[in-house]
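>>> I need the structure of the sequence given here:
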Amino acid sequence: GAHRFCQWDSDTFEGLELNTGWNLLLVKLAHDTIKDTHRAFYSRQEDRTAFFARLAMPDRSLVAVHDFEHEKFAPERQLRITVSDPVPIGVGITARLRRFPDGTLVCSEFRSTDGGHTWAACQPLLKGTQDDAQPADPATWSKQQNPANLILDMKCQESEPGVYQTKLCRSLDGWLTREVVDVTLFLKDGANLVDEGNVETGPGNIRGNNIIGLPDGTLLVAMYGSLQQDVVWFDLRMFGGYLKYPQSWPRQFKYRSWVLRSQDGGLTWHYHGTIAALPELGDEGFCEPNIAVLQDGSLIAILRNGGGDDGPLWTCRSWDGGKTWSYPVVTNTPAGNAPQIEELANGVLACSYGRPGNRVSFDLTGSGLAWSHTAQVSNCYGNSHIEIAVTGPDSLFCAYADDEFDAEGNRMPSKIRQKYGRHIKVERL
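Numbering: from 1, shown residues only. The predicted model follows:
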């Protein structure tokens with residue numbers, strides 16, 4: 001169902017042995033028992049029962065099912081997608097993935113130097129990235145920076161009207177060490193907002209793990225929130241029986257997404273152009289933007305607009321370095337949140353998104369409108385958040401999480417997640 005976090009009842013049976021071949025199971029499916037009076041913001045408290053079964057070997061190891069070996073299918077055409085068995089990464093927060101120029105993969109608080117096959121603990125990628133970072137000197141900071149080494153904090157604070165402060169983190173050795181520098185955002189129409197929990201958020205959310213570079217050295221990063229001219233209320237006023245965006249919070253409006261530009265290596269950022277801001281389209285506004293530079297020099301953006309399971313993804317294109325963008329159009333992916341888009345060296349576009357499940361779709365036309373192939377990477381119960389990183393000319397690594405069980409089958413506390421990864425190979429035929 002739509003309720004991503006559940007509290008289990010005590011009706012638990014473990015160690016049911018299955019026979020080789022088909023088994024007939026009689027299951028009593030538990031029902032949803034949510035009461036409006038027991039609901040709290042963002043599903044922090046729920047009265048709920050649910051049924052969930054986890055298949056495991058007698059030693060409690062993971063089960064990966066490959067039951068199509070002797071089946072006959074129509075021959076593959078144009079594209080062949082191969083997905084590996086899941087690789088356990090570790091237990092912790094939501095999966096946030098980054099590949100550094102030396103090939104190192106970092107997934108939240110875990111790091112891999114062998115392409116994602118083994119993982120070891122490290123400093124968190126986006127949460128507390130500056131805890132042990134060394135301060136950098138802005139006077140010696142180069143105006144030419146590789147965006148693959150940079151991460152910008154997701155939040156910023158107003159220092160004076162239209163001027164905001166945040167931090168930029170850089171790692172030149174695959175996240176072994178970090179240095180941090182204070183940076184300034186100039187957003188003259190910025191508005192100080194609150195989020196779903198009525199918590200101060202500044203002008204919005206910076207997509208700081210998605211900095212891209214243009215050929216002239218310009219850096220771009222996407223951001224979403226509301227500017228002073230955005231004054232249309234959300235359509236998602238009633239959500240699951242309670243008021244999600246009440247009018248008593250006067251600073252919660254439909255989102256717009258825009259691009260910030262830096263021409264000095266990330267020390268200062270200026271408003272560059274709006275990706276999408278059409279309150280008449282969608283019920284939540286354009287948010288969670290992810291941008292990429294394509295081989296033809298154009299930019300593509302993929303955006304969320306709506307409540308996850310029920311909200312389709314949208315896309316826009318820019319042919320002038322992100323200053324202006326095409327009218328947003330709905331993609332033909334089913335629905336999704338927190339999308340990411342990448343272009344492989346073979347020209348295939350890959351788009352990851354969650355809710356429902358964790359999926360990666362592929363567009364071999366490069367248009368962003370023809371997502372003909374989809375890999376259902378996981379349908380683990382939980383937050384349904386997936387991220388991808390390009391690891392080769394025709395290969396990706398994806399990371400996602402199971403909110404219910406760790407890799408040994410033990411149930412976990414709420415919002416503590418067992419992260420997994422998979423290798424995906426995408427071959428043109």
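>>> element containing residue 261, please.
When elements are assigned from DSSP states H and E, residue 261 belongs to strand 256-262.
>>> partners of that strand, with directions?
Each strand that strand 256-262 pairs with, and the sense of that pairing, follows from DSSP bridges: strand 219-225 (antiparallel), strand 268-276 (antiparallel).
>>> For it, give the mean pLDDT please.
In this model, strand 256-262 has a mean pLDDT of 97.
>>> For the residue lying closest to residue 263 once chain neighbours are set aside, give me its contacts.
If the residues on either side of it in the chain are set aside, residue 263 comes closest to residue 218, at 5.5 Å by C-beta to C-beta, 6 or more residues apart in numbering. Placement of C-beta: from N, CA and C, glycine included. Contacts here follow C-beta atoms under 8 Å, 6 or more residues apart in numbering; on that basis residue 218 touches 261, 262, 263, 321.
>>> if I look at residue 218, how far off is residue 297?
Here residue 218 is placed at a distance of 13 Å from residue 297 (C-beta to C-beta, to the nearest Å).
>>> Single out the most deeply packed of the strands paired with strand 256-262.
Mean neighbour count, computed with mean count of other C-beta atoms under 10 Å, is highest for strand 219-225 among those, reaching a mean of 24.
>>> Pull the distance from that one to the chain's centre.
Per C-alpha atoms, centre = their mean, to the nearest Å, the displacement of strand 219-225 from the mean C-alpha position of its chain is 15 Å.
>>> do the same with stretch 277-297
Counting by C-alpha atoms, centre = their mean, stretch 277-297 is centred 14 Å from the centre of its parent chain.
>>> Only alpha carbons, please: show that stretch as PDB.
Below are the C-alpha coordinates for stretch 277-297, written out as PDB (Å, rounded to 0.1, in the frame of the first residue of the first chain):
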ATOM      1  CA  ALA A 277       7.200  26.400 -12.500                       C
ATOM      2  CA  LEU A 278       3.700  25.700 -13.700                       C
ATOM      3  CA  PRO A 279       1.300  25.300 -10.700                       C
ATOM      4  CA  GLU A 280      -1.500  24.300 -13.100                       C
ATOM      5  CA  LEU A 281       0.400  21.100 -13.900                       C
ATOM      6  CA  GLY A 282       0.500  18.400 -11.200                       C
ATOM      7  CA  ASP A 283      -0.600  18.600  -7.600                       C
ATOM      8  CA  GLU A 284       2.600  19.400  -5.800                       C
ATOM      9  CA  GLY A 285       4.700  21.400  -8.200                       C
ATOM     10  CA  PHE A 286       8.000  20.500  -9.900                       C
ATOM     11  CA  CYS A 287      10.500  19.200  -7.400                       C
ATOM     12  CA  GLU A 288      13.400  16.800  -6.900                       C
ATOM     13  CA  PRO A 289      15.000  17.900 -10.200                       C
ATOM     14  CA  ASN A 290      18.000  15.900 -11.500                       C
ATOM     15  CA  ILE A 291      20.000  17.300 -14.500                       C
ATOM     16  CA  ALA A 292      22.600  15.900 -16.900                       C
ATOM     17  CA  VAL A 293      24.700  17.100 -19.800                       C
ATOM     18  CA  LEU A 294      24.100  15.000 -22.900                       C
ATOM     19  CA  GLN A 295      26.600  14.100 -25.600                       C
ATOM     20  CA  ASP A 296      25.100  16.600 -28.000                       C
ATOM     21  CA  GLY A 297      25.800  19.400 -25.500                       C
END
